[in-house]
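Asker: Need a 3D model of the sequence below.
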Amino acid sequence: MDRLRPRNRPVFFGFTNAEIEKMEKLLKDSGEESLGKEFCQRLTKSFNRSSGRAGKPVIKWTEIQSWFQTRLPEPPEVPKNKLTHTNGLVSKEVGIIRDPSELEFEARSSKDGAWYDVEKFLAHRFLSTGEAEVRVRFVGFGAEEDEWVNIKDAVRERSVPLENTECSNLKVGDPVLCFQERRDQAIYYDAHVLEIQRKMHDIRGCRCLFLIRYDHDNSEEKVRLRRLCRSPRS
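Answerer: Got it, this is the predicted structure:
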């Protein structure tokens, strides 16, 4: 299924030449500090009180923050799915930094709500709400499909397929990642186990049936174990 790219926030172009000169100097002197909320709020108050802004629209601090964001150099590309974890995934003070441990990640697309393997993390940013996002490239997709995703809600360690020997570990209510097969798509969605029909295993492996409910649309389906994945930490 084709996925649409998210729309970027529009950039404010109503700054005066004097304001731009001031921000360029601050960017050179302060670097990433210029992205902080308090920093931008102080600068906004200074601009709005100046005589040069008389008769012009009032500036919002988020517009100044966006100006700085578009002019900061891109951080170095983080190779092959490496993030820093507070438990975890991110250090709030410095964003994404290198991690010596080898971790693989998956991210949830904002277009269809499905989870895709992450090939690499390209950049990071902090929103006005204080939340952090990363720009990801999905495995098997080009740059035109890159997306900004919320680190807390839409990035996690890559799920792993359940083995036949793990069948007995699954319980009603457990969260799983299920491979959904439809005529026009075959992708992974979050789901929960509603019911389990235990059956004798044979040479083909687990023959049990699992009734699952998809989290994104509450639809239900009976599936075999081979279509289910779990968190690597469960």
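Asker: May I see the buried residues of the helix or strand that contains Asp190?
Answerer: Assigned by DSSP states H and E, Asp190 falls within strand 186-197. For strand 186-197, a neighbour-count test (16 or more other CB atoms under 10 Å) marks 187-191, 193, 196 as buried. Just so you know, the C-beta spots here come from the backbone N, C-alpha and C atoms, and that holds for glycine as well.
Asker: how about the residue nearest the centre of the chain, what does it touch?
Answerer: Central residue of the chain (CA atoms, centre = their mean): Val149, 2.7 Å from the mean position. Residues in contact with Val149 (CB atoms under 8 Å, 6 or more residues apart in numbering) are 107-110, 133-136, 155.
Asker: quick revisit: other residues contacting the helix or strand just after the strand holding Asp190?
Answerer: Sequence-wise, the next helix or strand downstream of strand 186-197 (DSSP H and E) is strand 209-214. Contacts to strand 209-214, defined as CB under 8 Å, 6+ apart, come from residues 170, 176, 178, 180, 189-197, 199, 219-225, 228.
Asker: circling back: just list what the strand holding Asp190 packs against, helices and strands only.
Answerer: Strand 186-197 is packed against strand 115-126, strand 175-181, strand 209-214, with contacts defined by 3 or more CB pairs under 8 Å, 6 or more residues apart in numbering; DSSP states H and E.
Asker: now it against strand 175-181, angle please.
Answerer: Interaxial angle of strand 186-197 relative to strand 175-181 (axes from the mean of the first three to the mean of the last three CA atoms, to 10 degrees): 120 degrees.
Asker: Enumerate the beta-bridge partners assigned to the residue nearest to the centre of the chain.
Answerer: Beta-bridge partners for Val149, by DSSP bridges, are Val134.
Asker: Identify the residues contacting the closest residue to Asp174 other than its chain neighbours.
Answerer: Excluding the flanking residues, the one nearest Asp174 by CB to CB, 6 or more residues apart in numbering is Val193, at 4.8 Å. The contact partners of Val193, by CB under 8 Å, 6+ apart, come to 170-174, 176, 210-212.
Asker: Give the buried subset of the residues you listed as a PyMOL selection command.
Answerer: Selection command for PyMOL covering only the buried members of those, criterion 16+ other CB under 10 Å:
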select buried, resi 170+174+176+210+211+212
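Asker: nearest to Lys22, of the contacts of Val193?
Answerer: Nearest to Lys22 among the contacts of Val193, counting by CB to CB, is Val176 at 53.6 Å.
Asker: burial measure for the closest residue to that closest one other than its chain neighbours, as a count.
Answerer: Counting by CB to CB, 6+ apart, the nearest residue to Val176 once its immediate chain neighbours are dropped is Leu228, at 4.7 Å. Using other CB atoms under 10 Å, Leu228 has 24 neighbouring residues.
Asker: tell me the contacts of Leu228?
Answerer: Listed by CB under 8 Å, 6+ apart, the contact partners of Leu228 are 161-162, 170, 176-179, 210, 212.
Asker: Make TSV out of those residues and add pLDDT.
Answerer: Formatted as TSV, the contacts of Leu228 follow (pLDDT from 0 to 100):
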residue	pLDDT
Pro161	93
Leu162	92
Leu170	94
Val176	97
Leu177	96
Cys178	95
Phe179	93
Phe210	97
Ile212	97
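Asker: which of those residues lies closest to Ile64?
Answerer: Leu177 (40.6 Å).
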